[in-house]
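Trainee: 3D model of this:
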Amino acid sequence: MEGNPTYEALSGSHTFKLEDKQYNMTAEEMGYQKYLDHWKEQGLLNKRYSSIRE
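Mentor: Numbers count the residues shown, from 1 in each chain. A predicted model of the protein is given here:
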């Protein structure tokens with residue numbers, strides 16, 4: 001993912017390829033949904049940050 005992905009995008013379904021096999025898994029299936037939930041509770045996700053160059 002590029003840019004500043006949202007909580008929903010990170011929690012959603014992800015497609016990736018390892019060797020010759022393609023996988024489609026959610027954050028829960030990959031084991032990192034609990035971290036996303038924790039970061040969202042802390043207010044670390046879904047924030048937009050200003051560019052330092054502005």
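Trainee: What lies in contact with stretch 31-41?
Mentor: Y7, L10, S11, T26, A27, L45, N46 (CB atoms under 8 Å, 6 or more residues apart in numbering). For the C-beta atoms, the positions are set from N, CA and C on the backbone; glycine is no exception.
Trainee: So for the spatially most central residue of the chain, what's the nearest residue that isn't a sequence neighbour?
Mentor: Relative to the mean C-alpha position of the chain, the nearest C-alpha, by CA atoms, centre = their mean, is the one of L10, at 2.4 Å. Distances taken as CB to CB, 6 or more residues apart in numbering place L36 nearest to L10, at 5.4 Å, with adjacent residues excluded.
Trainee: for the worst-scoring helix or strand of the chain on mean pLDDT, packing partners?
Mentor: Averaged element by element with mean pLDDT, DSSP states H and E, the chain has its least confident helix or strand at helix 7-11 (a mean of 88). Contacts defined by 3 or more CB pairs under 8 Å, 6 or more residues apart in numbering; DSSP states H and E place helix 7-11 against helix 27-30, helix 33-41.
Trainee: could these go into a markdown table alongside mean neighbour count?
Mentor: As requested, the helices and strands packed on helix 7-11 are exported to a markdown table (neighbours: other CB atoms under 10 Å):
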| stretch | mean neighbour count |
| --- | --- |
| helix 27-30 | 14 |
| helix 33-41 | 13 |
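Trainee: could you dump those to JSON lines with distance to T15?
Mentor: As requested, the helices and strands packed on helix 7-11 are arranged in JSON lines below (distance: least, CB to CB, whole Å):
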{"stretch": "helix 27-30", "distance to T15": "12"}
{"stretch": "helix 33-41", "distance to T15": "17"}
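Trainee: Tell me which of those approaches F16 most closely.
Mentor: Taking CB to CB as the criterion, F16 comes closest to helix 27-30 out of the helices and strands packed on helix 7-11, the separation being 9.6 Å.
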